[in-house]
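Undergrad: generate a structure from the sequence data that follows.
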Amino acid sequence: MIVAQSLTKRYGATTAVDGVDFTVRPGVVTGFLGPNGAGKSTTMRMIVGLDHPSGGRVTVDGKPYARLGAPLHRVGALLDASAVHPRRSARNHLLAVAATHRIGARRVDEVIATVGLDAVARRHVDGYSLGMRQRLGLAGAMLGDPDTLILDEPVNGLDPDGVVWMRGLLRDLAAQGRTVLLSSHLMTEMALTADHVIILGRGRVVADAPMSDLVAGADADTVQVRTPQVATLTPLLWAEGATVTRTPPDLLSVAGLGAPRIAQVAAGAGIVVNELTPVTRSLEDAYLELTRDDVEYRSTGTRRIAREMPR
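TA: Numbering: from 1, shown residues only. Sure thing, here's the model as predicted:
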């Protein structure tokens, strides 16, 4: 279990992490989200002792990382897949890490097989693709068979098969009772993998909830209604307390009223309905809603860029 209490990190006048409190529990995959500059990587670095908090504390199983005995057996971390000597083979890299905790070669070969690097384990890492480096980083995180895994963008660079494999592996590890903290910018993948979500915005926690609650807590789901009698149906839906937005001439977006009641209202008035489609909010919708005021870097839009391009 990972517990942060009033965790704070300042760099001069800049506060990167601002008094955050959260708990990452075993047995579930916890997604860690936030815009660039929100403080996710800094928080992960503080969990594993690479950055020292300016205030508050963060513990793993009740202790700061620096006080854990044999930390590789307690916490496995993948924070930077490129942090490997390029002229070492994957196997030699893992053997060197294993030697710090008296882990034998058999375990090294086990994790190499688990991540699918058997065929390339004796190649120099400088010839690895990004996806292969990610697999190697995961092998290093799993080397000590830890109860806690902290993974920053682990699917970055993986092909579609690799992404599906990673998703299944992380869910299996959580099902074994391990604590899994996962950072990613891929909302669709996070929605398929995580059970619980923590979202940071400008160094503060803006959401900490089960995935299902977070998505359900976004703006009300809408129903897409297509009818040739828009002008007749709209006031009837208003009378039911719905919010109605007209898009194309024959299409309505209705919030605050379920599809069954819309169908009843339309049928009662003899109105023809050609389409009645519930549109469920996604994790991406919830995320964008929660962080809309916390984005540090905003684009100016492609039209302006296009006008300023030299001809």
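Undergrad: counting by contacts, list what the helix or strand hosting residue 132 packs against.
TA: Under the criterion of DSSP states H and E, residue 132 resides in helix 130-142. Applying 3 or more CB pairs under 8 Å, 6 or more residues apart in numbering; DSSP states H and E, we find helix 130-142 packed against strand 75-78, helix 90-99, helix 105-114, strand 148-152, helix 160-175. Using the backbone N, CA and C atoms, a C-beta is placed for each residue, glycine as well.
Undergrad: assign residue 289 to helix, strand or coil.
TA: helix (DSSP: H, G, I helix; E, B strand; the rest coil).
Undergrad: gap between it and residue 31?
TA: According to CB to CB, to the nearest Å, residue 289 stands 16 Å off from residue 31.
Undergrad: of those two, give the one with the bigger neighbour count.
TA: Taking other CB atoms under 10 Å, residue 289 and residue 31 do not tie; residue 31 has more neighbours (25 against 13).
Undergrad: pull out the buried positions in stretch 66-78.
TA: 68, 71, 72, 74, 75, 76, 77, 78 (16 or more other CB atoms under 10 Å).
Undergrad: residue contacts, the last one?
TA: With contacts defined as CB atoms under 8 Å, 6 or more residues apart in numbering, residue 78 is in contact with 134, 137, 138, 140, 141, 149, 150, 151, 152, 154.
Undergrad: from what I can see the first one touches residue 154, true?
TA: Going back to what we said before, that points to residue 134. Yes. Using CB atoms under 8 Å, residue 134 makes contact with residue 154 at a distance of 6.0 Å.
Undergrad: quick check: closest non-adjacent residue to residue 78.
TA: In space, and not counting its chain neighbours, residue 78 is closest to residue 137: 4.2 Å by CB to CB, 6 or more residues apart in numbering.
Undergrad: could you tell me the model confidence score at that neighbour?
TA: If you check residue 137, the pLDDT there is 96.
Undergrad: that one and residue 239, how far apart?
TA: Residue 137 sits 58 Å away from residue 239, going by CB to CB.
Undergrad: now residue 23. Nearest residue, chain neighbours left out?
TA: Leaving aside its sequence neighbours, residue 23 sits nearest to residue 3 (CB to CB, 6+ apart; 5.1 Å).
Undergrad: could you do residue 105 as well?
TA: Computed as CB to CB, 6+ apart, the closest residue to residue 105 that is not its neighbour in sequence is residue 95, at 6.5 Å.
Undergrad: how far off centre is stretch 85-95?
TA: In this view, stretch 85-95 has its centroid 29 Å away from the chain centroid, taken as CA atoms, centre = their mean, to the nearest Å.
Undergrad: buried residues, it. List them.
TA: So stretch 85-95, judged by 16+ other CB under 10 Å, has buried residues 89, 90, 91, 92, 93, 94, 95.
Undergrad: over to stretch 152-160?
TA: Judged by neighbour count (16+ other CB under 10 Å), stretch 152-160 contains these buried residues: 152, 153, 154, 155, 157, 158.
Undergrad: which residues are in contact with the helix holding residue 132?
TA: Against helix 130-142 from outside (CB under 8 Å, 6+ apart): 76-78, 80-84, 90, 93-94, 97, 111-112, 114-117, 120, 125, 128, 149-151, 154-159, 162, 166.
Undergrad: swap in stretch 181-196?
TA: 2, 24-25, 28-33, 40-41, 44, 47, 148-156, 163, 167, 170-171, 174, 197, 209-211, 215, 282-284, 287.
Undergrad: of the residues you listed, keep whichever come out buried.
TA: Buried among the contacts of stretch 181-196 (16+ other CB under 10 Å): 2, 24, 28-33, 40-41, 44, 47, 148-155, 163, 167, 170-171, 174, 197, 211, 215, 283, 287.
Undergrad: just to revisit the earlier point, the residue nearest to residue 105 contacts residue 109, correct?
TA: No. In this structure residue 95 lies outside contact range of residue 109 using CB under 8 Å: 9.8 Å.
Undergrad: what touches both of these two?
TA: Counting by CB under 8 Å, 6+ apart, nothing touches both residue 95 and residue 109.
Undergrad: the residue lying farthest from the centre of the chain and residue 226: what is the separation?
TA: No residue in the chain sits farther from the centre than residue 270, which is 46.6 Å out by CA atoms, centre = their mean. Look at residue 270 and residue 226: by CB to CB, they are 17 Å apart.
Undergrad: quickly find the element holding residue 8.
TA: Per DSSP H and E: strand 2-11 holds residue 8.
Undergrad: how about that strand: buried residues?
TA: 2, 3, 4, 7, 8, 9.
Undergrad: among those residues, which one lies nearest to residue 19?
TA: Ranked by distance to residue 19 (CB to CB), the buried residues of strand 2-11 are led by residue 8 at 5.3 Å.
Undergrad: the residue nearest to the closest one when sequence neighbours are not counted: neighbour count?
TA: Using CB to CB, 6+ apart and skipping residues adjacent in sequence, the residue nearest residue 8 is residue 55, 3.7 Å away. When neighbours are defined as other CB under 10 Å, residue 55 has 14 of them.
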